[in-house]
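In: Here is a sequence with its predicted model. Questions after.
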Protein chains: 2
Amino acid sequence: MLAAIGHPQRLRIIAGLSEGRVHVSELARRLGISRPLLYLHLERLEKAGLVTGDLELASDGKAMKYFELVPFDLHLTEDVVLAALRADEEEGLKDVQETPR
Amino acid sequence: MLAAIGHPQRLRIIAGLSEGRVHVSELARRLGISRPLLYLHLERLEKAGLVTGDLELASDGKAMKYFELVPFDLHLTEDVVLAALRADEEEGLKDVQETPR
DNA sequence: TCCACCTGTAAGTTCAGACTGACAGGTGGA
DNA sequence: TCCACCTGTCAGTCTGAACTTACAGGTGGA
């Protein structure tokens, strides 16, 4: 999640979504970046849980993928970092124990 | 600062420093990474203000560069992101206005 | 039918960041 | 003198993220 938010372009995307849901093409136009690139970043943000996508069929039949911000509130301190790191290590261990089968 | 902290290796460095000041070579050994690499990351962390370095001459005359954590406490929310982004834009404007002379 | 929208993805390039090995230089102790 | 420490930096490799162009497919309206 920190890796996702630690990128200027993605911060701009968050800003672009801060005023409400927008569909992908529109957002790409607003930010002046290519649509595929925007997809890439949105994917990362979505994996990080900072954003959600929702494909909707508008009343006129056109498909539009709307994205919106997921409210987040992270209190970032040394302890949080340490805890996250420990959690990651356990994740790693789990993988090691699970994948060998 | 977000970019600096959004990197697993650097989180590990923060963890390595969490128990007190350590000098570079020692820390590199503990983390199992090469010293030049550690320098690189420490540099970024220092620029981000998360860490400070201090070159000391030990009583036996040997030079040792000690690093230690700078306490940080960032309350990360949508508003903080928007504010940071605005601040960045002003920075950018300043540059544009200042460099051309 | 053609045009203007939209989604989604598969190329391919390019560039910065991450990383290693090797060097120079300095100290103290055996 | 040689060895074991330390700092600091350069040159090079390499991988992955970031980014663009281009495609395929779908809808509604003129």
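Out: Done, it's in.
In: same question for stretch A:79-93, mean pLDDT?
Out: The average of the pLDDT scores along stretch A:79-93 is 86.
In: Next: stretch A:19-32.
Out: In this model, stretch A:19-32 carries a mean pLDDT of 96.
In: Mind checking if that stretch is in reach of DNA strand C?
Out: Yes: part of stretch A:19-32 sits near DNA strand C under the criterion CB under 7 Å from any atom of the strand, namely A:His23, A:Val24, A:Ser25, A:Glu26. Using the backbone N, CA and C atoms, a C-beta is placed for each residue, glycine as well.
In: likewise stretch A:59-71?
Out: Yes: in terms of CB under 7 Å from any atom of the strand, part of stretch A:59-71 sits within range of DNA strand C, namely A:Lys62, A:Ala63, A:Met64, A:Lys65.
In: Can you pull the phi/psi pair for the closest residue to DNA strand D within chain A?
Out: In chain A, the residue that lies nearest DNA strand D is A:Gly61 (2.7 Å; CB to the nearest atom of the strand). Its backbone dihedrals place A:Gly61 at phi 90, psi -10, with angles given as degrees, to the nearest 10.
In: Please, where are all the strands along chain A?
Out: A:22-23, A:51-57, A:63-69, A:73-77 (DSSP state E).
In: What residues of the last one count as buried?
Out: Under the neighbour-count criterion of 16 or more other CB atoms under 10 Å in any protein chain shown, strand A:73-77 has A:Leu76 buried.
In: do the third one as well
Out: Judged by neighbour count using 16+ other CB under 10 Å, the buried positions of strand A:63-69 are A:Met64, A:Tyr66, A:Phe67, A:Leu69.
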